[in-house]
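>>> Sharing a sequence plus its predicted fold:
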Amino acid sequence: MESFSIVMVVLIALVVFTVFKGVRIVPQGYKWVVQRLGKYSQTLEPGLNLIIPYVDDVAYKVTTKDIVLDIPSQEVITRDNVVIIANAVAYINIVRPDKAVYGIEDYEYGIRNLVQTSLRSIIGEMDLDNALSSREEIKTKLKHAISEDIADWGITLKTVEIQDINPSDTMQASMEEQAAAERLRRATVTRADGQKQAAILEADGRLEASRRDAEAQVVLAKGSEESIRLITAAMGDEEMPIVYLLGEQYIKSIRQLAESDNSKMVVLPADILSTVKGMVGDKFKV
């Protein structure tokens, strides 16, 4: 009797275990790949699923959520033989888990290498300037180049984005030196233009000043001529107008000398009239 009870317990346990082995609950966002005796049998969808215990086995659990693959940076040579550093990021989704696990050993590794190879090929057909400014064009060509290839693995490429496209350190240093030289050249040209304009303006200023000085001399000469004429008309003497004008200039000079900071003492002659006549010579006698 006890043996029978033990057998029943074992049988019940075996039935429970068998039922447990035959029932599979797949969480949302995943698909499970089932193998029957080592061969692909079916793909379990999210929810409650039944399989044959001891015969069927869940071999792979594959996510159906979007996967982000970071594509490592690599050196790429452009058409004009410039080395640049480029990397990208790819967004994929597995729509056929059976193809993803049986079609390629490691689909992530395969996609990374495929993106890198295609990226080198696309940028290699571009000049440096186009490569740096045509990210959308590179993105479109890259997506078209790898979409068909990974479709054979049951994978859909949602999008691929170019993260960075930068010149290499050596090229960047060369570009910075070139930019610095260009800025220096522009500064030199600007400074030379400024000096040229300043010299022209200074010359124009001197020319205008000379012209005005000449005009002033003419005006002063006409004034002196008019003064002599008026004084001559008033005095009626040929000598006295000249003596008068020279005396006036003599007195102005003495006054300027007296107002000078360096002057200490000014001595005036007792007979200014005789002094002035002496300046013009013995022709004029009082």
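Thanks, I have it. Computed from a prediction, not measured in an experiment: that's the story for all the values here.

>>> How far off centre is stretch 210-220?
Centre-to-centre, stretch 210-220 and its host chain are 58 Å apart (CA atoms, centre = their mean, to the nearest Å).

>>> So which bits of that stretch are buried?
Neighbour counts using 16 or more other CB atoms under 10 Å place no residue of stretch 210-220 among the buried ones. To be clear about C-beta, it is placed using only N, CA and C from the backbone, and glycine gets the same treatment.

>>> Next: stretch 36-50.
Under 16+ other CB under 10 Å, the buried positions of stretch 36-50 are 41, 43-44, 49.

>>> So residue 58 versus residue 112, what's the distance?
27 Å (CB to CB, to the nearest Å).

>>> What segments of the stretch 51-200 of the chain are strands?
Secondary structure of the stretch 51-200 of the chain (DSSP state E, counting those that start in this stretch): strands at 56-63, 67-77, 83-94, 155-167.

>>> what is the rounded mean pLDDT of the third one?
In this model, strand 83-94 carries a mean pLDDT of 91.

>>> Could you count how many residues lie near the nearest residue to residue 147 once chain neighbours are set aside?
Using CB to CB, 6 or more residues apart in numbering and skipping residues adjacent in sequence, the residue nearest residue 147 is residue 157, 4.9 Å away. Here the number of neighbours of residue 157 (other CB atoms under 10 Å) works out to 23.

>>> mean confidence score for the one helix or strand residue 203 maps to?
Assigned by DSSP states H and E, residue 203 belongs to helix 169-235. What helix 169-235 shows for mean pLDDT is 76.

>>> That one packs against which elements?
strand 83-94, helix 240-259 (3 or more CB pairs under 8 Å, 6 or more residues apart in numbering; DSSP states H and E).

>>> ok, back up a step: neighbour count for residue 58 and residue 112, which is higher?
Using other CB under 10 Å as the criterion, residue 58 and residue 112 rank with residue 112 on top: 17 against 14.

>>> My read is that that one contacts residue 69, right?
Yes. The criterion here is CB atoms under 8 Å, and residue 112 meets it with residue 69 at 6.1 Å.

>>> gap between residue 93 and residue 68?
11 Å.

>>> more neighbours, those two?
residue 93 (14 against 10).

>>> isn't the more buried one right next to residue 154, touching?
No. Counting by CB under 8 Å, residue 93 does not reach residue 154; the two are 9.9 Å apart.

>>> and residue 95, what does it touch?
Applying CB atoms under 8 Å, 6 or more residues apart in numbering, we find residue 95 in contact with 64, 154-156.

>>> Show me which of those residues is closest to residue 144.
Residue 144 lies nearest to residue 156 out of the contacts of residue 95, by CB to CB, at 13.6 Å.

>>> pLDDT score assigned to the closest one?
For residue 156, the predicted pLDDT is 93.

>>> Would you enumerate the residues in contact with it?
92-95, 147, 150.

>>> Then residue 131?
Applying CB under 8 Å, 6+ apart, the residues contacting residue 131 are 76, 78, 84, 123, 138, 165.

>>> 10 Å instead, please
76, 78-80, 82, 84, 86, 122-125, 137-138, 162, 165, 167 (CB atoms under 10 Å, 6 or more residues apart in numbering).

>>> what do you get for residue 191?
Here residue 191 is in contact with no residue (CB under 10 Å, 6+ apart).

>>> Likewise for the one 3 residues further on?
The neighbourhood of residue 194, defined by CB under 10 Å, 6+ apart, contains no residues.

>>> How much space separates it from residue 203?
Distance, residue 194 to residue 203, by CB to CB: 15 Å.

>>> Residue 24 in helix, strand or coil?
strand (DSSP: H, G, I helix; E, B strand; the rest coil).

>>> ok, it to residue 158 distance?
29 Å.

>>> Next: residue 15.
46 Å.

>>> Just want to know which of those two has more residues nearby.
Set residue 15 next to residue 158 and count neighbours by other CB under 10 Å: residue 158 wins out with 14 against 10.
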